[in-house]
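Q: Need a 3D model of the sequence below.
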Amino acid sequence: MQLLNNPIVKYDTISVQFVANTTATKINVPDQPQLRGKKILCIDFPPIAYDFLAQNTLNLNSSFLNSSFINLYFNGGIFIENLPLREIQQMANALSSPYVNSNGAFMLSGQTIVWDKCYINLPSSIAYTSNAVFLIGVYYTN
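A: Predicted coordinates for the structure are as follows:
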């Protein structure tokens, strides 16, 4: 493995809303005007979700992380397909899966991602009783 020492220029989080008691297995990432045309260097996935009505932290259990995948659209197509969320999770908490990707950050090479064409595939067995917002961390440069 080669370590890259690129300085972090900017960081932002993307909020992907998950509606309670839904049967949907595909959640579209909303458009991110602040990230349009930006070169994406790295993405990460914190092991928590937030109830956006009560502002409480919801537990993402290991079954969620083991069976949920992100798909990223750039260069005219989905070029990162079904990447497990646990592969971009670098932190763990006591309530979530003890699995942490120890291979380092999920680095990209400055792709310009079209966020409203990206999505997360969820397992059909996951059912939260609260609305939630899942966060994706994005490191980028102009």
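
Q: Now do the buried residues in stretch 15-32.
A: For stretch 15-32, the neighbour count (16 or more other CB atoms under 10 Å) marks 16, 18, 27, 29, 32 as buried. Glycine gets a C-beta too; all of them are placed from N, C-alpha and C.

Q: Show me the shaky parts of the chain.
A: For the chain, applying pLDDT under 70 flags the ranges 1-8, 47-65, 90-104, 125-130.

Q: what are the ranges of the strands in it?
A: In the chain, the segments counted as strands under DSSP state E are 10-18, 26-28, 39-44, 48-51, 56-59, 69-74, 77-84, 106-111, 119-121, 132-141.

Q: Pull out the buried positions in the third one.
A: Residues of strand 39-44 classed as buried: 40-44 (neighbour count, 16+ other CB under 10 Å).

Q: for it, packing partners?
A: strand 106-111, strand 132-141 (3 or more CB pairs under 8 Å, 6 or more residues apart in numbering; DSSP states H and E).

Q: Okay, now the sheet partners of that strand, with direction.
A: As defined by DSSP bridges, the strand partners of strand 39-44 come to strand 106-111 (antiparallel), strand 132-141 (antiparallel).
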